[in-house]
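Trainee: Provided below for reference: sequence and predicted model.
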Amino acid sequence: MASCKAPYSLLLLYLFISLVYQCSGSEIGATQTASLQVNASEASAQPISDTFFGLFFEEINHAGAGGIWAELVSNRGFEAGGPNVPSNIAPWSIIGSESSLIVSTDRSSCFERNKIALKMEVLCDSKGPNICPPEGVGIYNPGYWGMNIEQGKSYKVILYVRSDDAINVSVALTGSNGSQKLASTNIIALVNEISDWTKKEFLLEAKGTNSNSRLQLTTTRKGVIWFDQVSVMPLDTYKGHGFRTDLVQMLAELKPRFFRFPGGCFVEGEWLRNAFRWKETVGPWEERPGHFGDVWFYWTDDGIGYFEFLQLAEDLGALPVWVFNNGIGHRDEVATSTEALDGIEFARGSPNSKWGSLRAAMGHQEPFDLRYVAIGNEDCGKTNYRGNYLKFYNAINSAYPDIKIITNCDASSQRLDHPADLYDYHVYTSSSDIFSRGHHFDNMPRIKPKAFVSEYAVTGKDAGKGSFLAALGEAGFLIGLERNSDVIEMVSYAPLFVNNNDRRWNPDAIVFDSSKVYGTPSYWVQQFFTESSGATLLKSTLQTNSYASLLASVISFKSSEDDETYLRIKVVNFGSDTVNLKIAIDGFDPNTVRLSGSTKTVLTSSNLMDENSFDAPTKVVPTKSLLQTAGENIDAVVPAHSLVSFDLLKETSSIRIAGTGSLSRSSI
């Protein structure tokens, strides 16, 4: 057996390596020093775009259908398999056995653009040799991985029905196995009342709560019944416009100034036949044909369509940014016309115009404030892109010269060969790479067009399902974008939402299921930038002695919450060392700082791969505390692996803080 004692020479070598390691400052717990010089004078300041920070929504991960759109029925028109028979009626299922009923689909609907209807042939009866079970037989729909039904709340049920016989159909909201009845009513009608398609509409008030509920349509009477366009919508939606309140509230708290929609790859389609076509998503919901999103592999009824996206942008106080298909899918492309003009007329036209009148008929008399359009998504370099782009650009610019037009081509890598008001910049990469891209725009020519960083996120092994490490890298990237806001007009994270039951992409900013929601650390990083739009960027210089893991920016802003003026210093420390940061603010009177409202906010975690979850939704969230002292010179401690914001509340007048005198140095 070898000796447990190491030779003396090895011990010396170990001590030498340890000393080198310690001197390098690379171990957790070491301390670095840095300084931040801030020029608070107006002469060196520059305005940040009013639309700097916003949102990008894509129909991915069931973000819309089964997400922010509050419709509880999945595949409400039985069209999910397409317009031909037999169609795929999933997730509708049968209550009963083959001896008691036969369920099929046919093309008998009264809606011309979605002809599929469900045919239910009931073989059992209330008496005779083949008696139906007491609870009846029929069909049920579990919604999107369970319907969230809450006690005391009301739900509007709409369905279309016809039969050649009198009917008595129970319409009920129940638990997942049908045993818990939460709300119900009966449709009782004579044959002459339902021999043609008839719309039935009623409210159900829930007598209990179950987040894994279902809708069921059952009967104990023999005969044939057809159903179509079955809908269950909660009355409690965001501003009464059909959006799930808790999810949209998460968006509202980010204070977005723009809202880009509906994609993303969803706009293109793997094949053009499955691209998002705005004209098929407007008008009465029953008449929308829906379509299969073949990029993310699920059907959407298009209940959330072009009109609803415009409405949501307005409800959020954000400017809509419409991304439309430009004749290019992932696998095919065509030369195209400029029908996008009709879409702009729908949004902005007079109520007396052709498409503006349809918008008005849908309940929005006044035009929407559409100022931005994007011609396609990630299509630069494809055969038909430049030709199609120029057709759209010239037509839109001629008819609506005030609309800003966004190209897919990245002007940060090469000069554009076509006109544009903005160019799209997308980046999905590792945490260290995205942090380094905080300097990507530093040496860009300060010329137009400006950048629209419409999709950014950390992906891959660094990201997990939304890690703190990913968020920290993104924080550095955002600070870099803010520092270069003279050449960057708009910024948004992607993807925004994921239904936890259908993860097509990791990570995402907001995770939800039928009843719960939480923000990932990336969501909370965005909270640090909610006041950046329309703020003033102050010139600042960071000296780090080659310590490359630190980035900082400084803004002055008027708070949207209390209408007070603040100086916000944001610092991200991507490294493993604590940093003692000396902040010196020139041109700033320390006696105008009001300590009672000045705060320090820190986002950090003990493990870089920490994530939030339904069980621990606030594991990684910012913590805010009041500052004890603040002045023109500040000694700040920036923890390892952290994002820190110092918000100094400025007095509205030059009244000196009682008992302070001139502050020369403070610690926070």
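Mentor: Alright, I've got the coordinates.
Trainee: regarding the chain, what is its longest strand?
Mentor: When the chain is parsed with DSSP state E, its longest strand is strand 223-234.
Trainee: may I have it as PDB, with CA atoms only?
Mentor: Extracted in PDB, the C-alpha atoms of strand 223-234 (Å, rounded to 0.1, in the frame of the first residue of the first chain):
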ATOM      1  CA  GLY A 223     -81.000   9.800 -32.000                       C
ATOM      2  CA  VAL A 224     -78.500  11.600 -34.100                       C
ATOM      3  CA  ILE A 225     -77.100  15.000 -33.000                       C
ATOM      4  CA  TRP A 226     -74.600  17.300 -34.800                       C
ATOM      5  CA  PHE A 227     -72.400  19.800 -32.900                       C
ATOM      6  CA  ASP A 228     -70.100  22.500 -34.200                       C
ATOM      7  CA  GLN A 229     -68.200  25.500 -33.000                       C
ATOM      8  CA  VAL A 230     -68.300  24.700 -29.300                       C
ATOM      9  CA  SER A 231     -66.800  27.500 -27.100                       C
ATOM     10  CA  VAL A 232     -66.300  28.100 -23.400                       C
ATOM     11  CA  MET A 233     -64.900  31.500 -22.400                       C
ATOM     12  CA  PRO A 234     -64.500  32.900 -18.900                       C
END
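Trainee: residues contacting the helix or strand just after that strand, please?
Mentor: Using DSSP states H and E, the helix or strand that follows strand 223-234 in sequence is helix 245-252. Helix 245-252 is contacted by residues 55, 67-68, 236-238, 312, 315-316, 496-497, 510, 512, 517, 519, 523 when judged by C-beta atoms under 8 Å, 6 or more residues apart in numbering. For glycine as for every other residue, the C-beta is placed from the backbone atoms N, C-alpha and C.
Trainee: and the next helix or strand past helix 245-252?
Mentor: Assigned by DSSP H and E, the successor of helix 245-252 is strand 258-261.
Trainee: on that earlier part again, which of the contacts of helix 245-252 fall in strands?
Mentor: Leu55, Phe497, Ile510, Phe512, Val517, Gly519.
Trainee: okay, those in a markdown table with pLDDT and distance to Glu135 next?
Mentor: As requested, these are exported to a markdown table (pLDDT from 0 to 100; distance: C-beta to C-beta, whole Å):
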| residue | pLDDT | distance to Glu135 |
| --- | --- | --- |
| Leu55 | 98 | 45 |
| Phe497 | 98 | 37 |
| Ile510 | 98 | 38 |
| Phe512 | 98 | 32 |
| Val517 | 98 | 34 |
| Gly519 | 98 | 42 |
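Trainee: residues near Asn443, how many?
Mentor: Neighbour count of Asn443, defined by other C-beta atoms under 10 Å: 8.
Trainee: on that earlier part again, closest one to Ser179 out of the ones in strands among the contacts of helix 245-252, please.
Mentor: For these, the minimum distance to Ser179 (C-beta to C-beta) is 26.6 Å, reached by Phe512.
Trainee: circling back: out of the contacts of helix 245-252, what pair is the most spread apart?
Mentor: Longest span within the contacts of helix 245-252, C-beta to C-beta: Asp236 and Tyr523, 23.5 Å.
Trainee: what pairs with Lys570 across the strands?
Mentor: Ser553, Ser645 (DSSP bridges).
Trainee: got it, and Phe497?
Mentor: Beta-bridge pairing for Phe497 (DSSP bridges): Ile510.
Trainee: tell me the contacts of the residue lying closest to Phe227 once chain neighbours are set aside?
Mentor: Excluding the flanking residues, the one nearest Phe227 by C-beta to C-beta, 6 or more residues apart in numbering is Leu118, at 4.8 Å. By C-beta under 8 Å, 6+ apart, Leu118 lies in contact with Phe78, Ile89, Trp92, Val103, Ser104, Thr105, Ile139, Trp226, Phe227, Asp228.
Trainee: in the stretch 451-600 of the chain, which spans are helices?
Mentor: 468-483, 521-526 (DSSP state H, counting those that start in this stretch).
Trainee: first-to-last residue distance for stretch 362-378?
Mentor: Using C-alpha to C-alpha, to the nearest Å, the end-to-end distance of stretch 362-378 comes out at 32 Å.
Trainee: buried residues in it?
Mentor: 362, 364, 367-368, 370-378 (16 or more other C-beta atoms under 10 Å).
Trainee: among these, which ones are in strands?
Mentor: Going by DSSP E, the strands hold Tyr372, Val373, Ala374, Ile375 from the buried residues of stretch 362-378.
Trainee: any idea which of these is closest to Ser454?
Mentor: Ala374 (7.7 Å).
Trainee: thought the closest one was touching Val323?
Mentor: Yes - proximity of Ala374 to Val323 meets the contact threshold set by C-beta atoms under 8 Å, at 4.3 Å.
Trainee: pull up the overlap in contacts between these two.
Mentor: Arg260.
Trainee: now distance to Met147 and pLDDT too, for the buried residues of stretch 362-378, in TSV please.
Mentor: Converted to TSV, the buried residues of stretch 362-378 look like this (distance: C-beta to C-beta, whole Å; pLDDT from 0 to 100):
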residue	distance to Met147	pLDDT
Met362	26	98
His364	29	98
Pro367	36	98
Phe368	31	98
Leu370	34	98
Arg371	38	98
Tyr372	36	98
Val373	36	98
Ala374	35	98
Ile375	39	97
Gly376	36	97
Asn377	32	97
Glu378	35	97
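Trainee: look at Asp236 and Tyr523 and report which has more neighbours.
Mentor: Tyr523 (24 against 14).
Trainee: burial count for the nearest residue in space to that one that is not next to it in sequence?
Mentor: Take Tyr523 and drop its neighbours on the chain: the residue closest to it by C-beta to C-beta, 6+ apart is Ala509, 4.4 Å away. Neighbour count of Ala509, defined by other C-beta under 10 Å: 27.
Trainee: OK, contacts around Ala509?
Mentor: Applying C-beta under 8 Å, 6+ apart, the residues near Ala509 are Gly466, Tyr493, Pro495, Leu496, Phe497, Gly519, Thr520, Ser522, Tyr523, Gln526.
Trainee: switch to 6 Å and redo it
Mentor: Tyr493, Leu496, Thr520, Ser522, Tyr523 (C-beta atoms under 6 Å, 6 or more residues apart in numbering).
Trainee: Pro133 too?
Mentor: Pro133 neighbours (C-beta under 6 Å, 6+ apart): none.
Trainee: related to what we said a few turns ago, the residue nearest to Phe227: what secondary structure?
Mentor: strand (DSSP: H, G, I helix; E, B strand; the rest coil).
Trainee: so that it lines up with my notes, have the first residue be 697 from now on.
Mentor: Got it, the first residue is 697 from now on, which makes the last one we talked about Leu814.
Trainee: name the residues linked to it by a beta bridge.
Mentor: Thr801, Phe923.
Trainee: against Leu1234, how distant is Asn1287?
Mentor: 19 Å (C-beta to C-beta, to the nearest Å).
Trainee: I should have written Ser1094 there, sorry.
Mentor: Ser1094 is 41 Å from Leu1234, by C-beta to C-beta.
Trainee: okay, those two: which has more neighbours?
Mentor: Leu1234 (24 against 10).
Trainee: circling back: got a quick ChimeraX command for the buried subset of the contacts of Leu814?
Mentor: To isolate the buried ones among those in ChimeraX, judged by 16+ other C-beta under 10 Å, type:
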select :774,785,788,799,801,835,922,923,924
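Trainee: got a list of what the residue most central in space within the chain touches?
Mentor: By C-alpha atoms, centre = their mean, the mean C-alpha position of the chain lies nearest to Leu1192, the distance being 2.7 Å. Leu1192 makes contacts with Phe753, Ala1205, as judged by C-beta under 6 Å, 6+ apart.
Trainee: next, it: phi, psi?
Mentor: When quoted as degrees, to the nearest 10, the phi and psi of Leu1192 stand at phi -80, psi -50.
Trainee: if we can go back for a sec, now, which of the ones in strands among the contacts of helix 941-948 sits nearest Ser1249?
Mentor: Leu751 (20.9 Å).
Trainee: pull the number of nearby residues for that closest one.
Mentor: 24.
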